[in-house]
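> dropping a prediction and its sequence here:
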Amino acid sequence: EADIYQTPRYLVIGTGKKITLECSQTMGHDKMYWYQQDPGMELHLIHYSYGVNSTEKGDLSSESTVSRIRTEHFPLTLESARPSHTSQYLCASSERDRGYDEQFFGPGTRLTVL
Amino acid sequence: AQSVAQPEDQVNVAEGNPLTVKCTYSVSGNPYLFWYVQYPNRGLQFLLKYITGDNLVKGSYGFEAEFNKSQTSFHLKKPSALVSDSALYFCAVRDMGGDYKLSFGAGTTVTVRA
């Protein structure tokens, strides 16, 4: 079944640890996105990709980095986690470059940094 | 620049009553407009979108939305709310002439009481 997956769903780690949040989609979509959803629930775009080897920073400045080596895989990495990184991270994808294509979202990763 | 406003943080209705969630937008050109719903501990699910044409758009789960260009609004409606409609609702906009990033509103929490 075509879907978008995120692992882990929940992560609690200590300050200074390196973490990678995984996102994979089986829909063959070219465009992928990472959003940060803060406690007030508003979504902020932090990274996006138009395809393999394409990555761009979003509207909200983030210390995280992303890579897009394969179409289906768009991992997000934090080199040194801090309590300010505590948030929910949502991955999404969309089919084409038409502007009106809806985005499909994964279930999210809730990250807590102690 | 593009932006979305959802003026109500919370909407409370009784089951069986009509439900309206308000959204206004701002874009330089013409908009693509979207509604998403988020259930607890889940990602966002697409409900409906406006691209062009008929101002009344029908979507999933009995929801519909009306595009009003003069009022720059795109309110979400359901004639008869269900308890299972209780969730967080997001309106989003993309400028047709802009890049392909979505701007989300802050979200409206809908509670439908039995």
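Nice, I can see it. Since the structure is predicted, the reported quantities are computational estimates derived from the model, not experimental observations.
> tell me how many other residues surround B:Asn55.
12 (other CB atoms under 10 Å in any protein chain shown). All C-beta spots, glycine's among them, are computed from the backbone N, C-alpha and C.
> quick check: closest non-adjacent residue to it.
B:Phe67 (4.5 Å; CB to CB, 6 or more residues apart in numbering or on different chains).
> is it fair to say that neighbour lies in a helix?
No - assignment of B:Phe67 by DSSP: H, G, I helix; E, B strand; the rest coil gives strand, placing it outside any helix.
> name whatever forms a beta bridge with the most centrally placed residue in chain A.
Taking CA atoms, centre = their mean, the centroid of chain A lies closest to A:Trp34, which sits 3.1 Å from it. Taking DSSP bridges as the rule, A:Trp34 bridges to A:His47, A:Cys91.
> surely it touches A:Gln6?
No - using CB atoms under 8 Å, A:Trp34 makes no contact with A:Gln6, being 10.0 Å away.
> what do the two both touch?
A:23, A:89-91 (CB atoms under 8 Å, 6 or more residues apart in numbering or on different chains).
> do a quick rundown of the helices in the chain.
Assuming you mean chain A. Taking DSSP state H as the criterion, chain A carries no helices.
> low-confidence regions, it specifically.
A:1-2, A:39-40, A:97 (pLDDT under 70).
> up against chain B, what does it have?
A:4, A:6, A:31, A:40-43, A:45, A:48, A:58-59, A:90, A:92, A:94, A:97, A:99-100, A:102-108, A:110 (CB under 8 Å from any CB of the partner chain).
> hmm, try it at 10 Å
Counting by CB under 10 Å from any CB of the partner chain, chain A comes close to chain B at A:4, A:6, A:9-10, A:31, A:33, A:35, A:37-38, A:40-45, A:48, A:50, A:56, A:58-59, A:88, A:90-92, A:94, A:96-108, A:110.
> which among these end up buried?
A:4, A:6, A:31, A:33, A:35, A:37, A:41-45, A:48, A:58, A:88, A:90-92, A:94, A:99-108, A:110 (16 or more other CB atoms under 10 Å in any protein chain shown).
> what's the closest non-adjacent residue to the residue in chain A positioned nearest to chain B?
Relative to chain B, the nearest point of chain A is A:Phe105 (3.5 Å; CB to the nearest CB). Distances taken as CB to CB, 6+ apart place B:Gly43 nearest to A:Phe105, at 3.5 Å, with adjacent residues excluded.
> thank you, goodbye.
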